[in-house]
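Peer 1: model the structure of this input:
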Amino acid sequence: MHFIFIKKKWLLICFLLVVIGLSGWYYLTPNSVQTAVEQQHVKTIDIDMITAEFSTKLDDGTEIEAYRWDPGTIVVEKNQKVNLKIHGINGKEHSFHIEGTNITGVVVKGKTTEVPLFFKKEGTYRLICDTHSHDGAPMIGYIVVD
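Peer 2: Got it, this is the predicted structure:
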């Protein structure tokens, strides 16, 4: 039988190196590490938005229309829980997605669609109506995350 002897000094040095390494990692990346407990203490804010329609007639009698999200831009904080309430005012139905996420949904006239949001990264995310994304005036809103 062979025995391996490890001196207490080397065990202590290894332990200290691991603690220093983990501490450095935690303090250098505090914004990317958020525990479930921390997320529970973040207050959820509500933001209301509507679907809006603009229409007009050209001189030749042709009717044109454009849809939009109103407000067209919302600003939220990174790591903030948001409940986006989209009220269907104009247009029968608006299927949508939020670019850069897996969030999709449908807004129906006369109803409210609630979309829970929580962004960990700063940036601008486009709220794109799939029904009106290819028209002359696409229906796009912006979610700016600071």
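Peer 1: identify all contacting residues around the biggest strand by length in the chain.
Peer 2: The residue-count maximum for a strand in the chain (DSSP state E) belongs to strand 45-57. With C-beta atoms under 8 Å, 6 or more residues apart in numbering as the test, strand 45-57 has contacts from 63-71, 74, 76, 80-91, 94, 107, 109, 139, 141. To be clear about C-beta, it is placed using only N, CA and C from the backbone, and glycine gets the same treatment.
Peer 1: and the most centrally placed residue in the chain, what does it touch?
Peer 2: Centrality entry for the chain: nearest residue to the mean C-alpha point is Phe119, 4.1 Å, by C-alpha atoms, centre = their mean. By C-beta under 8 Å, 6+ apart, the residues touching Phe119 are Val76, Lys78, Asn79, Gln80, Tyr125, Ile143, Val145.
Peer 1: quick one: Glu77 from Lys43, how far?
Peer 2: Remark: distance between Glu77 and Lys43 (C-beta to C-beta, to the nearest Å) = 11 Å.
Peer 1: those two: which has the busier surroundings?
Peer 2: Remark: of Glu77 and Lys43, Glu77 carries more neighbours, 13 against 6, as counted by other C-beta atoms under 10 Å.
Peer 1: which one of the contacts of Phe119 sits closest to Lys8?
Peer 2: Among the contacts of Phe119, Asn79 lies closest to Lys8 (C-beta to C-beta), at 42.8 Å.
Peer 1: could you count how many residues lie near that closest one?
Peer 2: Neighbours of Asn79 using other C-beta under 10 Å come to 16.
Peer 1: got it, and Arg126?
Peer 2: 14.
Peer 1: in which helix or strand does it reside?
Peer 2: strand 123-129 (DSSP states H and E).
Peer 1: you'd agree Leu12 is in a strand?
Peer 2: No: assessed with DSSP: H, G, I helix; E, B strand; the rest coil, Leu12 is helix; it does not lie in a strand.
Peer 1: tell me how far it lies from Ser133.
Peer 2: For Leu12 relative to Ser133 (C-beta to C-beta), the value is 62 Å.
Peer 1: more neighbours: which of these two?
Peer 2: For the pair Leu12 and Ser133, the greater number of neighbours falls to Ser133 (14 against 10), based on other C-beta under 10 Å.
Peer 1: residues in contact with the closest residue to that one other than its chain neighbours?
Peer 2: Excluding the flanking residues, the one nearest Ser133 by C-beta to C-beta, 6 or more residues apart in numbering is Met139, at 6.9 Å. Taking C-beta under 8 Å, 6+ apart as the criterion, Met139 is in contact with Thr51, Ala66, Tyr67, Arg68, Trp69, His94, Ile128, Cys129, Thr131, His132, Ser133.
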